[in-house]
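Enquirer: need a structure here:
(one chain, ligands or ions: 1)
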Amino acid sequence: MGVALVTGPTAGIGREIAVELSLQGHDLILVSRDRVRLEELATELGNAEVLPADLSDRDQLAAVEQVAGDVDWLVNNAGYGINASFLDSEIDDEQALLDVLVTAVMRLSHAALPGMVAKGRGRILNVSSVAGWVPFGTYSAAKAWVTVFSEGLAAQTPAGIHVTALCPGFTRTEFHERAAMDVGGPGWMWLNAGEVARQGLRDCERGTVLSIPSMRYRAVSMVAQHAPRSLLRSVSKRRGEDG
Ligand SMILES: NC(=O)c1ccc[n+]([C@@H]2O[C@H](COP(=O)([O-])OP(=O)(O)OC[C@H]3O[C@@H](n4cnc5c(N)ncnc54)[C@H](OP(=O)(O)O)[C@@H]3O)[C@@H](O)[C@H]2O)c1
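Expert: Numbering: from 1, shown residues only. Predicted coordinates for the structure are as follows:
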């Protein structure tokens with residue numbers, strides 16, 4: 001067993017991933033902003049150290065890059081959404097979102113890969129989203145980047161290194177509450193964070209490049225990937241008009 005660096009392990013999908021990797025016997029490096037919650041989790045797991053960092057801050061990200069060079073698993077999970085149209089949002093908020101969802105994923109992958117290549121083995125699990133299939137704001141565009149970036153890396157890396165984009169649909173975590181999004185919707189549309197985490201880890205271990213938990217979201221993804229872009233744009237436009 002080796003060392004796993006997980007970003008965003010203080011809640012939701014990242015927490016479930018950290019617990020699972022810990023149960024598998026990996027030593028963990030836990031990265032996010034909330035030091036108190038990180039330390040509580042590290043105490044609970046018993047085989048983890050904490051590295052508090054805001055991944056939208058380039059200096060703090062650089063400190064994480066320093067330790068990413070020697071890990072066996074890199075899980076780029078940290079993320080959030082902005083509950084405002086691009087026409088109304090603050091540009092600094094949009095930039096910070098892109099820094100966490102895209103720049104951190106790119107820089108940490110770049111930092112981790114040479115060590116993995118030297119060992120001939122490594123796992124990179126990037127938490128993307130089915131939102132990447134549809135055109136809707138910076139979040140969707142960033143997740144589209146994460147998915148395509150992961151697919152490109154998977155094609156470029158040697159056989160012992162697996163890169164997976166985990167693309168969940170709506171999952172019960174703190175995500176929507178933090179963004180003050182009132183999603184609602186029927187129960188069947190919501191995934192369980194533990195199941196999403198375990199599916200992503202299993203698929204990454206197997207070398208599956210696109211991991212889409214649940215039949216229903218695999219069906220949604222199939223439709224979104226094959227529907228005319230003009231249809232997706234009109235759905236997005238209607239959603240924007242609905243607010
Ligand atoms: N929930 C869904 O419906 C859903 C669906 C598809 C994809 N996803 C993706 O799944 C991933 C995990 O989200 P979640 O649903 O589990 O949300 P969550 O419960 O809100 O957890 C988000 C995690 O990200 C960390 N984080 C947020 N901003 C950060 C920053 N600037 N620097 C460092 N860490 C930061 C948070 O930790 P701190 O507060 O301690 O910093 C927290 O641990 C995200 O990439 C999200 O886009 C979620």
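Enquirer: ok, the closest residue to S129 other than its chain neighbours - how many residues close by?
Expert: Nearest residue to S129 in three dimensions, chain neighbours excluded: K143, at 4.2 Å (Cβ to Cβ, 6 or more residues apart in numbering). C-betas here are computed from N, CA, C, even on glycine. Residues contacting K143 under the criterion other Cβ atoms under 10 Å number 25.
Enquirer: and K143, what does it touch?
Expert: Applying Cβ atoms under 8 Å, 6 or more residues apart in numbering to K143 gives the contacts L101, S128, S129, A131, G132, C167.
Enquirer: get me the contact residues on the chain for the ligand.
Expert: 7-14, 32-34, 37, 54-56, 77-80, 100, 127, 129, 168, 170-171, 173-175, 178 (Cβ under 6 Å from any ligand atom).
Enquirer: buried subset of these?
Expert: Buried members of those, scored by 16 or more other Cβ atoms under 10 Å, are 7-14, 32-33, 37, 54-56, 77-80, 100, 127, 129, 168, 170-171, 173, 175.
Enquirer: name the residues of whichever helix or strand G115 is part of that are buried.
Expert: Here G115 sits within helix 104-119, counting by DSSP states H and E. For helix 104-119, the neighbour count (16+ other Cβ under 10 Å) marks A104, V105, R107, L108, S109, A111, A112, L113, G115, M116 as buried.
Enquirer: out of those residues, who's nearest the ligand?
Expert: A104 (7.5 Å; Cβ to the nearest ligand atom).
Enquirer: work out for me the element the nearest residue to G46 once chain neighbours are set aside sits within.
Expert: Leaving aside its chain neighbours, G46 sits nearest to S22 (7.7 Å; criterion: Cβ to Cβ, 6+ apart). With secondary structure defined by DSSP H and E, S22 is part of helix 12-23.
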